[in-house]
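Participant: The amino acid sequence is not available; the structure is as follows:
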């Protein structure tokens with residue numbers, strides 16, 4: 001009986017630790033300033049890693065290419081939204097990092113330059129995604145922004161397994177009704193801990209990364225507030241990006257932040273914001289979008305196929321999580 005009580009207490013501690021770790025996913029240092037633009041020269045893939053959201057780094061990077069007019073996402077009429085293809089629009093503007101990301105999500109380019117279908121949850125794709133993210137993380141480490149990984153997720157995960165085994169042993173050793181019921185409760189708590197604890201392991205961030213992570217916190221604050229508050233930021237002396245009524249400029253800004261909406265896990269709400277802003281624009285403003293440059297027409301494809309973006313984010317996130325643990329165990 002004493003063993004069962006001890007195991008039950010351990011199960012509660014494991015579940016609490018798992019919940020704490022889950023809440024810390026994507027945690028950023030507080031920012032006293034609301035930011036409305038990423039840092040100059042920042043990469044959304046790197047920013048996703050620095051924000052502790054590397055599981056969506058590839059998805060955000062792909063949508064960033066769409067928003068910047070480098071590629072276009074294609075869907076067929078009447079075809080399931082998960083059946084997507086990517087087509088290069090401006091090959092000359094693609095950087096080496098852009099090409100690596102496209103190889104990860106869509107394989108090698110075809111000789112004719114035709115569209116490439118995005119694969120599903122294939123093991124080879126999972127390995128490519130994990131390797132791509134790890135390579136970018138190593139670059140951040142060489143730049144002095146990260147310093148390895150923290151062990152706590154693994155500790156909690158294995159503790160939950162140990163508690164689960166002890167619960168079974170306790171029931172076998174003392175097959176009394178009270179112990180059996182307590183063991184069942186412990187098993188449920190341990191299983192819940194395994195489900196709640198985030199996949200993979202968290203990275204350590206150095207003091208040198210504090211400024212970039214604080215900026216990301218300010219950007220997230222801008223994207224989380226209501227439309228009226230965002231407009232006040234843009235029209236403030238600090239923001240002063242757009243005059244009142246400059247709906248095209250505001251739409252351009254918010255449309256370019258769509259990849260960061262994926263990083264912060266608010267892509268559904270941000271797509272609704274973009275759709276409302278687009279619907280509120282007059283015909284003259286909509287026509288102006290075609291001459292503002294930087295591939296805004298391609299970004300509208302994402303709005304038209306809003307479900308497609310979520311599928312890409314979901315698939316990329318799942319395949320990173322699916323192989324994250326295995327890569328964390330490698331030396």
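Facilitator: Here it is on my side, so go on. Remember, it's a predicted structure, so these values are computed and weren't measured experimentally.

Participant: average pLDDT across the one helix or strand residue 136 maps to?
Facilitator: Secondary-structure element containing residue 136, defined by DSSP states H and E: helix 123-142. On average, the pLDDT along helix 123-142 is 87.

Participant: Any buried residues in it, and which?
Facilitator: Neighbour-count burial for helix 123-142 flags 125-130, 132-134, 136-137, 139-140 (criterion: 16 or more other CB atoms under 10 Å). Where you see a C-beta, it was placed from the backbone N, CA and C, and this is true even at glycine.

Participant: and which of those is nearest residue 54?
Facilitator: Nearest to residue 54 among the buried residues of helix 123-142, counting by CB to CB, is residue 133 at 5.2 Å.

Participant: Isn't the closest one up against residue 57?
Facilitator: Yes - applying CB atoms under 8 Å as the test, residue 133 and residue 57 come out as touching, 5.5 Å apart.

Participant: Next SSE downstream of the helix holding residue 136?
Facilitator: Remark: after helix 123-142, the chain's next helix or strand is strand 146-149, criterion DSSP H and E.

Participant: what's the neighbour count on residue 175?
Facilitator: Here the count is done by other CB atoms under 10 Å, and residue 175 has 10 residues near it.

Participant: Need the contact partners of the helix or strand containing residue 170.
Facilitator: Remark: residue 170 resides in helix 152-173, with elements defined by DSSP H and E. Helix 152-173 is contacted from outside by 3-4, 7, 10-11, 14, 17-18, 21, 179-180, 182-184, 186-187, 189-191, 193-194, 197-202, 328, using CB atoms under 8 Å, 6 or more residues apart in numbering.

Participant: can you check stretch 43-51 too?
Facilitator: So stretch 43-51 is in contact with 26, 28, 38, 54, 56-58, 60-61, 64, 97, 101, 133, 136-137, 139-140, 145-146, 203, 205, 209, 212-213, 216, 259-260, 263-264, going by CB under 8 Å, 6+ apart.

Participant: Go again with 6 Å.
Facilitator: For stretch 43-51, the surrounding residues in contact (CB atoms under 6 Å, 6 or more residues apart in numbering) are 26, 54, 57, 60-61, 64, 136-137, 209, 212-213, 216, 259, 263.

Participant: buried ones in stretch 152-170?
Facilitator: By neighbour count with 16+ other CB under 10 Å, stretch 152-170 contains the buried residues 152, 153, 154, 156, 157, 159, 160, 163, 164, 166, 167, 170.

Participant: in the protein, which spans are strands?
Facilitator: Residue ranges of the strands in the chain, as given by DSSP state E, are 71-74, 85-88, 116-117, 146-149, 203-205.

Participant: Now these in a markdown table, please, with extra columns for mean pLDDT and mean neighbour count.
Facilitator: Output for those, formatted as a markdown table (pLDDT from 0 to 100; neighbours: other CB atoms under 10 Å):
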| stretch | mean pLDDT | mean neighbour count |
| --- | --- | --- |
| strand 71-74 | 75 | 22 |
| strand 85-88 | 79 | 18 |
| strand 116-117 | 66 | 16 |
| strand 146-149 | 87 | 15 |
| strand 203-205 | 89 | 17 |
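
Participant: Nearest approach to residue 222 belongs to which of those?
Facilitator: Residue 222 lies closest to strand 203-205 among the strands of the chain, at 21.5 Å (CB to CB).

Participant: picking up where we left off before, most surrounded residue in the contacts of stretch 43-51?
Facilitator: residue 263 (33 neighbours).

Participant: burial count for the closest residue to residue 220 other than its chain neighbours?
Facilitator: Of all residues not flanking residue 220 in the chain, residue 264 sits nearest, at 4.9 Å (CB to CB, 6 or more residues apart in numbering). Residues lying near residue 264 (other CB under 10 Å) number 24.

Participant: now residue 171
Facilitator: By the criterion of other CB under 10 Å, residue 171 has 20 neighbours.

Participant: Now do it, the pLDDT please.
Facilitator: On pLDDT, residue 171 comes in at 82.

Participant: what's the spacing between it and residue 180?
Facilitator: As judged by CB to CB, to the nearest Å, residue 171 and residue 180 stand 5 Å apart.

Participant: Equivalent analysis for residue 58, please.
Facilitator: On the measure of CB to CB, residue 58 and residue 180 end up 46 Å apart.

Participant: Look at those two and report which has more neighbours.
Facilitator: Each of residue 58 and residue 180 has its neighbours counted (other CB under 10 Å); residue 58 has more, 28 against 15.

Participant: Let me see the confidence value for that one.
Facilitator: Residue-level pLDDT assigned to residue 58 equals 87.

Participant: Tell me how many other residues crowd residue 91.
Facilitator: By the measure other CB under 10 Å, the count of residues near residue 91 is 12.

Participant: Return the per-residue confidence for it.
Facilitator: Model confidence at residue 91 (pLDDT) stands at 85.

Participant: what's the answer for residue 253, then?
Facilitator: pLDDT, residue 253: 72.

Participant: what sits against residue 14?
Facilitator: The neighbours of residue 14, taking CB under 6 Å, 6+ apart as the test, are 159, 160, 163, 193.

Participant: Report the contact partners of the residue lying closest to it once chain neighbours are set aside.
Facilitator: Spatial nearest neighbour of residue 14, excluding adjacent residues (CB to CB, 6+ apart): residue 193 at 4.4 Å. Residues near residue 193 by CB under 6 Å, 6+ apart: 14, 15, 18, 160.
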